[in-house]
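S.K.: please work out how this folds:
(chains A and B)
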Amino acid sequence: SQKIEQNSEALNIQEGKTATLTCNYTNYSPAYLQWYRQDPGRGPVFLLLIRENEKEKRKERLKVTFDTTLKQSLFHITASQPADSATYLCALDKTGGFKTIFGAGTRLFVKA
Amino acid sequence: SQTIHQWPATLVQPVGSPLSLECTVEGTSNPNLYWYRQAAGRGLQLLFYSVGIGQISSEVPQNLSASRPQDRQFILSSKKLLLSDSGFYLCAWSVFRGRNEQFFGPGTRLTVL
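M.R.: Numbering: from 1, shown residues only, chains lettered A, B, ... in the order given. Sure thing, here's the model as predicted:
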């Protein structure tokens, strides 16, 4: 069955450093991969979408890579700030589908 | 701009009682609508999605049902709640089929006792 794996252990980093989160998937050939941010007790907020034919996408301090051979996406936050502390969810989609598959997320803590 | 509303924000219900959660979207027409459930430490589980009024697709067998009486209104219901129905319920909308950038509501925290 389709599976998304995100590091269940929280990631603790120092302010100003780059945070790197990993999303691995199996038994799936997504056309799109998305990253969302979720704060405690709130709904997820869409951050970035990358297509299967794109290797990298950037938005301000965020960078996402997508390697369909490794079946992996990396999500980077450069110059991290305490306000970046949240849970980050990876999600996969197929073309023409509605069944987005979400990972359980990785909790990020950025210390001042 | 588009906004999505969900209510109530929190709900505590006894086992066997009925449930009705409502979601409305403003600022867009004919959105795709979704209901998800999120258990603690788990990913979002898609429960239902709808591409139009009266059109509901169910993803998992359960004692929940969904309805879409209006273009921008999505309702999640149950006739008799189970303990296992506890969780964080999220409504979401999207515009494009397949690209599916989804925009989530604030969620409803349901506790069944």
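
S.K.: which residues of chain B lie near chain A?
M.R.: B:32, B:34, B:36, B:41-44, B:46, B:49, B:51, B:57, B:59, B:90, B:92, B:97-107, B:109 (C-beta under 8 Å from any C-beta of the partner chain). Placement of C-beta: from N, CA and C, glycine included.

S.K.: for residue B:44, which residues are in contact?
M.R.: A:44, A:89, A:102, B:36-38, B:90 (C-beta atoms under 8 Å, 6 or more residues apart in numbering or on different chains).

S.K.: name the residues that touch the helix or strand hosting residue B:34?
M.R.: Secondary structure assignment for residue B:34, by DSSP states H and E: strand B:32-38. The contact list for strand B:32-38, computed with C-beta under 8 Å, 6+ apart, reads A:98, A:102, B:23, B:25, B:44-51, B:66, B:68, B:74, B:76, B:87-95, B:97, B:100, B:102, B:107.

S.K.: how about the nearest residue to the residue of chain A found nearest chain B, chain neighbours excluded?
M.R.: Closest approach between chain A and chain B, counting by C-beta to the nearest C-beta: residue A:43, at 3.2 Å. In space, and not counting its chain neighbours, residue A:43 is closest to residue B:104: 3.2 Å by C-beta to C-beta, 6 or more residues apart in numbering or on different chains.

S.K.: quick one: contacts for that neighbour?
M.R.: A:43-45, B:4, B:90-92.

S.K.: and it, its phi and psi?
M.R.: Backbone torsions of residue B:104, given as degrees, to the nearest 10, read phi -100, psi 150.

S.K.: quick check: residue A:15 vs residue A:108, distance?
M.R.: Computed as C-beta to C-beta, to the nearest Å, the residue A:15 to residue A:108 distance reads 12 Å.

S.K.: tally of neighbours for the closest residue to residue B:60 other than its chain neighbours?
M.R.: Nearest non-adjacent residue to residue B:60, counting by C-beta to C-beta, 6+ apart: residue B:47, 6.3 Å away. Residue B:47 has 19 neighbouring residues, counting by other C-beta atoms under 10 Å in any protein chain shown.

S.K.: residue B:18 too?
M.R.: Neighbours of residue B:18 under the rule other C-beta under 10 Å: 10.

S.K.: and it, how far from residue B:58?
M.R.: Using C-beta to C-beta, residue B:18 is found at 18 Å from residue B:58.

S.K.: what's the answer for residue A:70, then?
M.R.: Distance, residue A:70 to residue B:58, using C-beta to C-beta: 34 Å.

S.K.: cool, and residue B:82?
M.R.: Between residue B:82 and residue B:58 the computed distance is 17 Å (C-beta to C-beta).

S.K.: which pLDDT does the model give the single nearest residue of chain B relative to chain A?
M.R.: In chain B, the residue that lies nearest chain A is residue B:104 (3.2 Å; C-beta to the nearest C-beta). For residue B:104, the pLDDT comes out at 96.

S.K.: before we move on, the earlier item: which one's more surrounded, residue A:15 and residue A:108?
M.R.: The neighbour comparison of residue A:15 against residue A:108 (other C-beta under 10 Å) goes to residue A:108, with 21 against 13.
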